[in-house]
Every structure is written in structure tokens, then in C-alpha cells.
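Peer 1: The sequence and its predicted three-dimensional model are supplied below.
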Amino acid sequence: MNPVVIERLGAIIAGIVVAVVSFYSLYKDWKAIGVENNVFKIMLFLLGLGAILAILAGLNVIGFSEPSKGA
Amino acid sequence: MAVATLAHDAHGEADQLYLETRELRLQGFLLFLISDCVLFSSFIFAYLYMRNSGQGWPPPGIHRLDVPFAAWNSVVLFGSGATMHYALENFKHGHWMRYVWFLMATIVLGLGFLGGQAYEYTHLIFTEHVTWAGSGIFGASFFTLTGMHGFHVFLGVCYLTVLLLQSAAGVYTRGKFFGITAGTLYWHFVDVIWVVLFSIFYLI
């Protein structure tokens, strides 16, 4: 199999797992109070966002499609 | 009896002192993270400014970066953020073995990310001939920012390894575990910085 396809599949599948885990943890900790818990909530949200970006990059929705010669 | 009472009082005072200083330590650590954020921000905004004042991006003669590999490597790092969060949660709830496994998974994933970055650097330097000093703004900004981030990940891996050893030595208890909280905050911070770097170098 083409290594690029494997990388894309890995990014999509693992990205979905990470996004689900991040948002689930955020949901679970939503009512937690205190400075550190609020920082954790922001971090978990951004982590989930990063995972979604990786999924979209894996799906070729965003980012460059293939490494190609610059303009 | 008197000795036992004194020891109990000393222990109580130590606990009280820990609780009082914990908030200060947390604030100090958050200030450190904010200062690190300012450091990265200055480099990121300098990169964006130079990128937008240039002649197309990437500059002529330089290949575009490999997005599928970067996406995969990013997920490895983001996954380590999730495992670190669960390591802390398991420690808080007294699940010792799960804590150790999640912490070890975090270390392995962090090393995996560093390995991926080393592979990417090797490919860029030896195949694409992109270097820090010889490829203009692109090479300088890419290697400076991702290198600085990679160094943070490396320090984080060292920190987590120390945490693992300290935990095995019984340094942290269910009531006193600020080191693990700080490690989790630091690791999340490193993840979040990569979200930004991944976006600006590979996606836009």
C-alpha cells in the first residue's frame, strides 16, 4: 500500500479516537472548578480542535494535497 | 506520646504549608507557561509577517511540506496529550497501575513524535536540501519554530520520565501531586503549541 495512504488513514483513525477522547474528557470535566481545571478545559478543547484539523488534513480537505514544487 | 503528638503536629503543619504554597506554585507555573507562550507567539507572528511579505509560499525552488506525514505525527502528539490527561485522572482516583501505563504511553508517544520530527528533518535536509541557514526565511523559520517546539517536547519527555521515577519512589501521594499536575499542564501546552505550528506550516 502507498505510504501516503497509510499515513492518511492513520491520521484519520487516530485523529477520530483522540478527538472523541478529548471532547469526552472535556464533557466529563465541564463542571470541575478551580484554575487548573479551567486551564485543562481550554487545553482539552484545543487538543480536540487539533485532532479535527489532523483528520481534515488526512481527508485532504485542508492543507496541500501532495508535496509539490513551490510556485 | 508527646513525641507522637509533635510528629502529628509537624505533619499537619507540613500539609497546611503544602496547601498554602500549592496555589502559589500553580500560579507560578501558569506564569511560566504564559511567558513561554509569548516566546512562541513572537516567533510565530514574525514568521507570518515575513511569509506574507514574500513572493509566494513556499518560496520558489522549495517543495511543499509533507502534510499526510505531519498529520499522522501530529495525531501521535495529540494522542499523548490524551494519555497524559488520563494518567493524571487515574492518579487522582488512586488507580496506580493505570497511571503508570498511561504515563509510559505518553513518554513513548512523545518519543515517537520526536522520531517523526527527526525523520522529517532528515528528509528535508538530505533529500530536499532545505537547511536552517541556506533556504532563506522558509528554512530559518521552519527549523527555528519546529526545533524550539521539539526541544520543549524533549524536555517534556525528560520531565515525565522524572515524574515516573519519582512516583515509583513514592514522592507523590493522593493528596500531594502538584508535580504531576504541572507535568500535565506542560504537556498540554506543548500539544496546543503544535496545533498552531501544524496549522501555519502545513495547512495554510
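Peer 2: Happy to help now that I have it.
Peer 1: Longest helix in chain B, please.
Peer 2: helix B:2-52 (DSSP state H).
Peer 1: Does chain A have contacts with that helix?
Peer 2: Yes - using CB under 8 Å from any CB of the partner chain, helix B:2-52 reaches chain A at B:23, B:26, B:27, B:30. Using the backbone N, CA and C atoms, a C-beta is placed for each residue, glycine as well.
Peer 1: ok, and the closest non-adjacent residue to the third one?
Peer 2: Right, the one you point to is residue B:27. Spatial nearest neighbour of residue B:27, excluding adjacent residues (CB to CB, 6 or more residues apart in numbering or on different chains): residue A:35 at 7.7 Å.
Peer 1: From the chain's centroid, how far away is the helix or strand bottoming out on mean pLDDT in chain B?
Peer 2: In chain B, the helix or strand scored least confidently by mean pLDDT, DSSP states H and E is helix B:2-52, which has a mean of 83. Counting by CA atoms, centre = their mean, to the nearest Å, helix B:2-52 is centred 15 Å from the centre of its parent chain.
Peer 1: Equivalent analysis for stretch B:143-158, please.
Peer 2: That offset, for stretch B:143-158, works out to 8 Å (CA atoms, centre = their mean).
Peer 1: which outside residues touch it?
Peer 2: By CB atoms under 8 Å, 6 or more residues apart in numbering or on different chains, the residues outside stretch B:143-158 that reach it are B:36, B:39-40, B:43-44, B:47, B:77, B:107, B:110-111, B:113-114, B:117, B:121, B:131-132, B:183, B:186-187, B:190, B:193-194, B:197, B:201.
Peer 1: now with 6 Å?
Peer 2: B:43, B:107, B:110, B:114, B:117, B:132, B:186, B:187, B:190, B:193, B:197 (CB atoms under 6 Å, 6 or more residues apart in numbering or on different chains).
Peer 1: relative orientation of the helix or strand that contains residue B:146 and helix B:2-52 in degrees?
Peer 2: Assigned by DSSP states H and E, residue B:146 belongs to helix B:136-168. Helix B:136-168 runs at 170 degrees relative to helix B:2-52, counting by axes from the mean of the first three to the mean of the last three CA atoms, to 10 degrees.
Peer 1: After helix B:136-168, which helix or strand is next? Please name it.
Peer 2: Assigned by DSSP H and E, the successor of helix B:136-168 is helix B:178-198.
Peer 1: avg pLDDT for that next one?
Peer 2: Averaging pLDDT along helix B:178-198 gives 95.
Peer 1: quick one: is it near chain A?
Peer 2: Yes - residues of helix B:178-198 contacting chain A under CB under 6 Å from any CB of the partner chain: B:181, B:188, B:191, B:192, B:195.
Peer 1: again with stretch B:60-74
Peer 2: Yes - Stretch B:60-74 lies within reach of chain A by CB under 6 Å from any CB, at B:60, B:62, B:63, B:64, B:66, B:67, B:68, B:69, B:71, B:72, B:74.
Peer 1: Give me the pLDDT for the last one.
Peer 2: What the model reports for residue B:74 is a pLDDT of 95.
Peer 1: how near is residue A:56 to residue B:15?
Peer 2: Residue A:56 sits 48 Å away from residue B:15, going by CB to CB, to the nearest Å.
Peer 1: Settle it for me: which of the two has more neighbours?
Peer 2: The neighbour comparison of residue A:56 against residue B:15 (other CB atoms under 10 Å in any protein chain shown) goes to residue A:56, with 17 against 12.
Peer 1: So residue A:32: helix, strand or coil?
Peer 2: Following DSSP: H, G, I helix; E, B strand; the rest coil, the label given to residue A:32 is coil.
Peer 1: ok so, going back, could you give me the average pLDDT of the helix holding residue B:146?
Peer 2: pLDDT averaged over helix B:136-168 gives 94.
Peer 1: Report the buried residues of it.
Peer 2: Under the neighbour-count criterion of 16 or more other CB atoms under 10 Å in any protein chain shown, helix B:136-168 has B:136-143, B:145-146, B:149-150, B:152-154, B:156-157, B:159-160, B:163-164, B:167 buried.
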